[in-house]
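Peer 1: only geometry, no sequence info:
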């Protein structure tokens, strides 16, 4: 049986914090591959065109043999839901033990996800501490235990592991804000992604 992790998200744009999380998962957990899945129509978020976010992911990960970018949501017309992503990927990767990489903030909302209680039992959750919140490891573990308790109160089992990651003060919203203000985003995103953003003028006032 193969062990594969899904890293889903908006990735608007992908940055070095995302890449560090995925690399840490490979180092700390016995997984062979990370599948990056950009959401086509993320709920409650407005994002750059799916094709742009997909292209930036491909540029940022193309040199890593254990990273694969999936376009499974390319033709998905409605809202993107995580359980649909897992079901669709499972069809192409049979006999797989699944992990899901997720940030702490997002993991806290898992009990409220669409079919979240069902999804919680279908994979092992790899939780990245909040990059900007300043929580200690102990506080992050407490939050994860609270999520587990919420789910188990409704008879849903969940397995999670807290990734130990050097904290980086970078987020996609910060990258967009700096670019819009004409500031440098060098060393926040891979060089190819920086050039792609500039070539397509993705996050300037004119592009909105």
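Peer 2: It's in. Keep in mind that this is a model prediction, so the values were computed, not measured.
Peer 1: could you report the separation of the residue nearest to residue 78 when sequence neighbours are not counted from residue 114?
Peer 2: Nearest residue to residue 78 in three dimensions, chain neighbours excluded: residue 41, at 6.6 Å (CB to CB, 6 or more residues apart in numbering). C-beta here means a position set from N, CA and C on the backbone, and glycine is covered the same way. For residue 41, the distance to residue 114 equals 13 Å [CB to CB, to the nearest Å].
Peer 1: flag every buried residue along the lowest-mean-pLDDT helix or strand in the chain.
Peer 2: For the chain, counting by mean pLDDT, DSSP states H and E, helix 137-152 ranks last in confidence among helices and strands (a mean of 88). Neighbour-count burial for helix 137-152 flags 140, 143-144, 147-148, 150-151 (criterion: 16 or more other CB atoms under 10 Å).
Peer 1: report the distance from it to the chain centre.
Peer 2: Using CA atoms, centre = their mean, to the nearest Å, the mean C-alpha position of helix 137-152 is found 19 Å from that of the whole chain.
Peer 1: repeat for stretch 19-32
Peer 2: Distance, centroid of stretch 19-32 to centroid of chain: 13 Å (CA atoms, centre = their mean).
Peer 1: still on that earlier bit, what's the most distant pair in the buried residues of helix 137-152?
Peer 2: Farthest pair in these (CB to CB) is 140 and 151. Separation: 17.2 Å.
Peer 1: helix/strand/coil for residue 6?
Peer 2: Three-state call for residue 6 (DSSP: H, G, I helix; E, B strand; the rest coil): strand.
Peer 1: what pairs with it across the strands?
Peer 2: residue 35, residue 100 (DSSP bridges).
Peer 1: residue 39 is in contact with that one, correct?
Peer 2: No. Using CB atoms under 8 Å, residue 6 is not in contact with residue 39, being 11.7 Å away.
Peer 1: that older thread, count of neighbours near the residue nearest to residue 78?
Peer 2: Residues contacting residue 41 under the criterion other CB atoms under 10 Å number 14.
Peer 1: now do it against residue 47, distance only.
Peer 2: In terms of CB to CB, residue 41 sits 9 Å off from residue 47.
Peer 1: could you pull out the strands for the protein?
Peer 2: Along the chain, counting by DSSP state E, strands occupy 2-9, 33-38, 67-69, 96-103, 124-128, 159-162.
Peer 1: quick one, the least confident helix or strand of the chain and strand 124-128 angle?
Peer 2: With axes from the mean of the first three to the mean of the last three CA atoms, to 10 degrees as the basis, helix 137-152 and strand 124-128 are set at 150 degrees to each other.
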